[in-house]
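Asks: okay, here's the prediction I keep looking at, along with the sequence it came from:
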Amino acid sequence: MESDLEIARRAELRPVTDVAESIGIESEDLQLHGPSIAKVTWNRLRDVDESRRGKLILVTSVNPTPFGEGKTVTTIGLNQGLNRIGKRACCVIREPSMGPVFGIKGGAA
């Protein structure tokens, strides 16, 4: 079985402009920082119609969790599930799992 690191290295990243367009953000509303990193312009955020604002789900924890049941896995699974049932959803992971990078569990490593 492949390790998490091998799977991550094999993944093909979509251009961030494609990801933004899939949630209704045009490329001119982005400040690009390379092909896979962007910030949404303040003007775009300010112009969002109040009636179209979405909902925020914050995933956090206090206690350590068993391997494969952490915040990153929960966040990605929740996002995929919402998209699967037809909801337009995206997720932001500030510090994704560091376990695969260091070969151990957890980001505090």
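Replies: That came through fine.
Asks: how is this structure partitioned into domains?
Replies: 1-52, 54-109 (automatic domain parsing).
Asks: tally of neighbours for residue 25?
Replies: Residue 25 has 20 neighbours, counted by other C-beta atoms under 10 Å. For glycine as for every other residue, the C-beta is placed from the backbone atoms N, C-alpha and C.
Asks: quick one, phi/psi of it?
Replies: Per-residue torsions, residue 25: phi -110, psi 120 (degrees, to the nearest 10).
Asks: how about TSV for the domains of the chain, with mean pLDDT added?
Replies: Converted to TSV, these look like this (pLDDT from 0 to 100):
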stretch	mean pLDDT
domain 1-52	86
domain 54-109	78
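Asks: so which bits of the helix ranked longest in the chain are buried?
Replies: Looking across the chain with DSSP state H, the single longest helix is helix 71-84. Across helix 71-84, burial judged by 16 or more other C-beta atoms under 10 Å covers 71-72, 74-75, 79.
Asks: over to stretch 29-42?
Replies: 29-30, 38.
Asks: got the contact list for it?
Replies: 13, 15-17, 20, 25, 43-44 (C-beta atoms under 8 Å, 6 or more residues apart in numbering).
Asks: change it to 6 Å
Replies: The contact list for stretch 29-42, computed with C-beta atoms under 6 Å, 6 or more residues apart in numbering, reads 13, 15-16, 20, 44.
Asks: thinking again about what came up before, and of the buried residues of stretch 29-42, the nearest to residue 55?
Replies: Lowest distance from residue 55 to those (C-beta to C-beta) belongs to residue 29, with 20.6 Å.
Asks: next, give phi and psi for that closest one.
Replies: Residue torsions, per degrees, to the nearest 10, at residue 29 are phi -90, psi 10.
Asks: from residue 79, how far out is it?
Replies: Using C-beta to C-beta, to the nearest Å, residue 29 is found at 21 Å from residue 79.
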